[in-house]
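Colleague: based on what follows, work out the 3D shape:
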Amino acid sequence: MLPTLNLPPAPLRIRENEGRKEVWCTLRRRYVALTPEEWVRQHFVYFLTLYRGYPAALMGNEVSIRVGNAVRRCDTILYNKEGGTPRVVMEYKAPDVPITQAVFTQISSYNSVLRTDYLFVSNGRQTIVCHIDQAAGTYRFLPDVPRYEEL
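Modeller: Okay, here's the model as predicted:
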């Protein structure tokens, strides 16, 4: 039984393959292992596209970036229409993993390279949204995930 999330139910395509569950990832266009974190990712992407108007064509899951000497994978990145510059970086955790300062340190290290305007962190039960003003060097937390046109 997969955990209940504070996100709208998503009509996910789940199958069993060689004894393990997999879920269809619409952004990657393939089946991937259905882990608790993936359960959150798929629900969150569904929420963004259907309820907040985010274009799926501008999002990528498991995007590799270089942070210092290490290659890291961002859970989801939303790009802008004009040339593919990252606008939002998202980090997901399993529902039983609390969102802590360590999670923000992780996503902030990604953003030191990406320099996005927004950070979204979610474990499916709690979602924290941070807007960053890169020019002023300030940030503020938002009460909810903005609609795409509000970015």
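Colleague: what about the helices in the protein?
Modeller: 36-51, 101-114 (DSSP state H).
Colleague: comparing the ones you listed, which comes out most buried?
Modeller: helix 36-51 (a mean of 20; mean count of other C-beta atoms under 10 Å). (Glycine included, C-beta is placed from N, CA and C.)
Colleague: name the helices or strands packed onto that helix?
Modeller: Secondary-structure packing of helix 36-51 (3 or more C-beta pairs under 8 Å, 6 or more residues apart in numbering; DSSP states H and E): strand 20-25, strand 59-67, strand 70-79, strand 86-92, strand 118-122.
Colleague: Asn69: what's it in contact with?
Modeller: The neighbourhood of Asn69, defined by C-beta atoms under 8 Å, 6 or more residues apart in numbering, contains no residues.
Colleague: ditto for Ala33
Modeller: 20-22.
Colleague: ok, 7 Å please
Modeller: By C-beta atoms under 7 Å, 6 or more residues apart in numbering, the residues touching Ala33 are 20, 22.
Colleague: now Ala56
Modeller: Neighbours of Ala56 in contact, by C-beta under 7 Å, 6+ apart: 26-27, 49.
Colleague: mind pulling the model confidence for the residue lying farthest from the centre of the chain?
Modeller: Largest separation from the mean C-alpha position in the chain: Glu18, at 27.7 Å (C-alpha atoms, centre = their mean). Glu18 carries a pLDDT score of 95 in this model.
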